[in-house]
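J.: what would the 3D arrangement of this be:
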Amino acid sequence: MAGRERVVRMSVEQPLWRALTAYRVLTLVYAALLSGFGHTKYERPWVAVAYLACLAVWTLATLPRVANAASCTKRFLGLDLTVALAGILLTPLADFDAQSIDGPTLPSIWTAGSVLAFALKGGWRWAAFASTLVAVVNIIERGEPSEDTFHNVVLVWVASIAIGYVVEVARASERTLARALEIEAATRERERLARDIHDSVLQVLAMVQRRGTALGGEAAELGRMAGEQEVALRTLVSSGLVPTTRPSPDGADGGEDGTDTLDAARGDEGDLRALLAPHAGSRVSFAEPGAPVLLPADAARELAAAVSAALDNVRVHAGPDARAWILVEDEPDEVIVTVRDDGPGIPEGRLDQAEGEGRLGVALSIRGRLRDLGGTAELISVPGQGTEVELKVPKVSRGKAGTAR
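T.: Sure thing, here's the model as predicted:
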């Protein structure tokens, strides 16, 4: 990208971690209320009170641990599951009838939160491991598997594995999206550099070739060499092998292309008329609104560069006697710039042929720039009746100019 594009993305699994944090607190309250309302059934109520007190301290003290995947370590997960399993095994010590009558364990559904933490951290395999341990301990606590115990175990097992699988899919999708964004950013930067090369180096080489051929002698040899280098450079540009980084002027790390310092000042608006006015001359007429045509500075510069590329095409392809007209229209939602000439026009299929030959003036210098700005470039040409290029840029650019750099 031009400058360093910084994209802040929230992990797609982060809402699940926040939900788990709330779940642990709510299920702690539920377990305490359940034991409080049924305290008369406990032969040793002090066991239930002591365990629930420890569970409350552990839950509240470890809330930061379940805030995200980074803080939820393997050691914490092991201790957390141990707390849940210990509560299940302590249930018969507090309630002597726990093995003969199906009822809630001391941690109750709080245990599922511990299993879900495994699912969010490590995916469905970790979830299967934790839920299996819970199933085994529940069977040990009951003495023998009952219908209710079986249902509860299967519910936790299926739910945790399903959530673990969803998390794995979400992470894979997030990685794919991040890679796609990186590829898109690299492609945009490559196209931008290709435009810069086309607007400077390739134009100079083409001019040297034409002038050298016209002068003849040693100049003709120089023109031939310039032509060879032009072809080689066009091939390099069109093949996508142009480097996407440039060192900063002082050799320091100034960002991906050494323009971070300049990009910091690119948030202002610019008057498009001031950028296009220098093109006016004896053969170029310029029609503008009476009021300033304001665009984000980046958008104004890129649009002016696209207009300059269109005028370069007029000079090169329409002949020395061709005239051109620039019309600027400031609409409520967009700016429209039209470049029209009275040249011979473009034969049908010529643009596709030029792009195939690596001559990317229209594809990159015009359409590529407008695409990056979220706008459009439409070229209308009738052989013998000239060419018209209509450039439209939205006032709020969705592309390059609107990107945080």
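J.: run through who's touching stretch 126-135.
T.: 77, 81, 84-85, 88, 111, 114-116, 118-119, 153, 156-157, 160-161, 163-164 (Cβ atoms under 8 Å, 6 or more residues apart in numbering). (C-beta placed from N, C-alpha, C; glycine too.)
J.: which stretches of the stretch 151-300 of the chain form strands?
T.: For the stretch 151-300 of the chain, the strands defined by DSSP state E, counting those that start in this stretch occupy 269-271, 284-287, 294-296.
J.: could you dump those to CSV with mean neighbour count and mean pLDDT?
T.: Shown next, in CSV, are the strands of the stretch 151-300 of the chain (neighbours: other Cβ atoms under 10 Å; pLDDT from 0 to 100):
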stretch, mean neighbour count, mean pLDDT
strand 269-271, 16, 83
strand 284-287, 15, 87
strand 294-296, 22, 89
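J.: which one, of those strands, ends up nearest to D333?
T.: For these, the distance to D333 is smallest for strand 294-296, at 12.2 Å, taking Cβ to Cβ.
J.: so which of the strands of the stretch 151-300 of the chain gets nearest P107?
T.: It is, among the strands of the stretch 151-300 of the chain and with distance given as Cβ to Cβ, strand 294-296, at 57.2 Å.
J.: for A69, phi and psi?
T.: For A69, the backbone dihedrals (degrees, to the nearest 10) come out as phi -70, psi -30.
J.: circling back: among the contacts of stretch 126-135, which are located in helices?
T.: Judged by DSSP state H, those include 77, 81, 84-85, 88, 111, 114-116, 118-119, 153, 156-157, 160-161, 163-164 as members of helices.
J.: which of those count as buried?
T.: Burial by neighbour count, 16 or more other Cβ atoms under 10 Å: within the ones in helices among the contacts of stretch 126-135 this picks out 77, 81, 84-85, 88, 111, 114-116, 118-119, 153, 156-157, 160-161, 163-164.
J.: circling back to that earlier point, rebuild the strands of the stretch 151-300 of the chain as a markdown table, extending it with distance to I380.
T.: Below are the strands of the stretch 151-300 of the chain laid out as a markdown table (distance: least, Cβ to Cβ, whole Å):
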| stretch | distance to I380 |
| --- | --- |
| strand 269-271 | 28 |
| strand 284-287 | 18 |
| strand 294-296 | 24 |
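J.: now do W17: how many residues are near it, please.
T.: When neighbours are defined as other Cβ atoms under 10 Å, W17 has 19 of them.
J.: so it makes contact with A70?
T.: No - counting by Cβ atoms under 8 Å, W17 does not reach A70; the two are 10.1 Å apart.
J.: how close does the closest residue to A304 other than its chain neighbours get to P292?
T.: Nearest residue to A304, sequence neighbours excluded (Cβ to Cβ, 6 or more residues apart in numbering): L275, at 3.8 Å. Noted for L275: a distance of 11 Å to P292, by Cβ to Cβ, to the nearest Å.
J.: quick one: which of these two has more around it?
T.: Using other Cβ under 10 Å as the criterion, L275 and P292 rank with L275 on top: 19 against 14.
J.: spit out the contact partners of the more buried one.
T.: Neighbouring residues of L275 by Cβ under 8 Å, 6+ apart: 300-301, 303-304.
J.: and what of R369?
T.: Going by Cβ under 8 Å, 6+ apart, R369 touches 195, 302-303, 305-306, 309, 377.
J.: helix or strand: which one has it?
T.: Element membership of R369 [criterion: DSSP states H and E] is helix 369-372.
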